[in-house]
Every structure is written in C-alpha cells, then in structure tokens.
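1. Turn this into a structure:
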Amino acid sequence: MATGIGAAAAQGPIPARLAPVIDGKTALSPDEALDLLIEGNRNFLNDVPTSAPVGRERRLEIAQGQAPFAAYVTCSDSRVSPEILFGRGLGELFIIRNAGNTVDTVALGSIEYAVAELGVPLIVVMGHESCGAVKAAKAVVDDNATFPGSIGRMIEPIIPAVLEVRDREGDMLDHAIRNNVSRVVHQLRTTTDPLLLDPQKTGKLKVVGAHYNLGSGAVDFFDR
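-> Numbers count the residues shown, from 1 in each chain. Have a look, this model is predicted:
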C-alpha cells in the first residue's frame with residue numbers, strides 16, 4: 001500500500017487551499033497570506049501534487065474581477081515563477097517582475113494599485129540564487145564593466161546593494177542578492193506615500209523579503 005507522498009500521487013492532485021474572498025477582496029490577514037505561500041512552497045519542495053485553480057470554472061469566476069492575496073515583486077528570470085513555486089492559480093498573485101526585482105515608478109504604481117484597489121495584505125520582494133542582474137551590478141563594481149542599450153541603466157539601482165556588502169566575508173554575490181531585496185523591502189516600508197504607509201501602520205499590510213534557491217526549490221522568507 002502506498003503511503004505519504006506516494007499515496008497522494010496515486011490518489012491524484014490535492015486541490016490547493018483557496019484564499020477566502022469577502023466583498024470582492026481577500027479576507028486573509030498579512031500573516032495568513034504568508035502562511036499560505038509557505039504551505040504552497042512546502043508542497044512544491046516535497047513534490048506533493050496539487051491542483052491549482054486554472055480551469056474554465058475559475059476563469060469564469062474571475063472574469064469580472066480579481067482578488068489576489070499577495071503582491072509579488074520578483075525577477076524576470078524564467079526559472080522563477082511564483083505561481084509554480086507556491087502552487088497558486090489564476091487570480092491569486094499580483095506579480096510585478098523585472099530583472100533584479102527593483103522598484104521604480106512603474107513598479108511602485110503597480111504595487112500601490114494592488115494594495116489600494118485590490119486590497120492585498122502582503123507584499124513579497126523576492127530575489128534568487130545566481131541573479132544575472134545582480135551579477136551585472138557586481139561586475140560594474142568589481143571591474144567597471146559596461147553594458148549595451150538600457151541594461152546599464154536598469155542595473156544602476158542594484159549597485160548600492162553590492163557596494164554595501166563589499167567587505168563582508170563569504171559569498172559576495174549571495175550577500176548582494178539578499179541585500180538588494182532588503183533595500184527594496186526598506187524602500188516599501190519607509191515610503192511616505194499613504195497608500196502603502198497607512199495600511200502598514202494599522203497592521204493591514206506587511207512587506208517581507210524572500211530568497212529562492214534554484215537548486216533546492218526552497219523559498220526563504222526573511223526581513224519579516
């Protein structure tokens with residue numbers, strides 16, 4: 001008789017636990033939203049087959065409106081797909097992606113929309129192992145490297161994150177990747193914009209950092 005994960009696989013995918021919605025917005029608290037992500041990544045790590053809501057019924061359900069439970073700022077890297085890492089389906093994560101998971105005016109406007117209009121209680125900023133954008137910023141710092149087109153301007157916001165960890169012992173790239181996340185988390189926590197600041201003061205919104213390990217599949221949440 002199959003047991004554990006083997007039994008789950010034999011019985012078919014387990015339906016993902018959906019976030020409750022009240023009056024068109026998620027009913028989750030910031031901590032409950034984070035717990036749902038942690039649970040999903042645990043299933044991903046353990047190869048627990050889950051069935052995220054992506055079928056016709058779900059498409060029709062969200063066609064008239066969305067109620068995501070988290071805004072997710074992460075890298076454009078093709079190996080980093082939040083819905084897959086957390087077993088989430090359509091309409092559950094409001095995702096802002098760019099190389100290096102930085103927050104400029106465009107990204108900030110998207111985040112503010114997710115909070116003010118869609119009512120998300122959680123913002124996650126996630127970097128990842130071997131991030132090419134941070135590697136490029138490190139090359140600028142170490143070797144005065146230059147890059148064509150708009151790439152150089154794109155990585156400019158990451159350079160301070162590299163400079164701040166130059167004297168740390170250990171893996172400088174890893175330090176820079178995590179520090180880049182921490183700087184963006186700090187940026188969002190200390191903004192003077194009331195759209196983000198007010199719900200943080202009242203406990204309705206939380207901003208956390210995260211790091212994704214490409215090899216293991218684990219997401220480590222920090223700056224919590």
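2. Name the helix or strand for the nearest residue to residue 193 once chain neighbours are set aside, please.
-> Leaving aside its sequence neighbours, residue 193 sits nearest to residue 112 (Cβ to Cβ, 6 or more residues apart in numbering; 6.8 Å). Backbone N, C-alpha and C define where each C-beta goes, glycine included. For residue 112, the element it lies in under DSSP states H and E is helix 105-116.
3. Quick check: buried residues in that helix?
-> By neighbour count on 16 or more other Cβ atoms under 10 Å, the buried set for helix 105-116 is 107, 108, 110, 111, 112, 114, 115.
4. how near is the closest residue to the fourth one other than its chain neighbours to residue 33?
-> Just to be clear, that refers to residue 111. Once flanking residues are discounted, residue 111 sits nearest to residue 71: 5.4 Å by Cβ to Cβ, 6+ apart. When distance is defined by Cβ to Cβ, to the nearest Å, residue 71 is 10 Å away from residue 33.
5. intersection of neighbour lists for those two?
-> Counting by Cβ atoms under 8 Å, 6 or more residues apart in numbering, the common neighbours of residue 71 and residue 33 are 120, 122.
6. Could you double-check that residue 146 lies in contact with residue 152?
-> Yes: contact criterion Cβ atoms under 8 Å: residue 146 and residue 152 qualify, at 6.2 Å.
7. Neighbour count: the two, which is higher?
-> For residue 146 versus residue 152, the count of surrounding residues by other Cβ atoms under 10 Å is larger for residue 152: 14 against 9.
8. how about the more buried one, what does it touch?
-> For residue 152, the contacting residues are 140, 146, by Cβ under 8 Å, 6+ apart.
9. ok, 10 Å please
-> Residues in contact with residue 152, defined by Cβ atoms under 10 Å, 6 or more residues apart in numbering, are 136, 137, 140, 145, 146.
10. for it, helix, strand, or coil?
-> Secondary structure, DSSP: H, G, I helix; E, B strand; the rest coil: residue 152 is helix.
11. what ranges do the strands span in this structure?
-> Ranges of strands in the chain, per DSSP state E, are 14-15, 21-22, 25-26, 50-51, 70-74, 93-97, 122-128, 206-212, 219-222.
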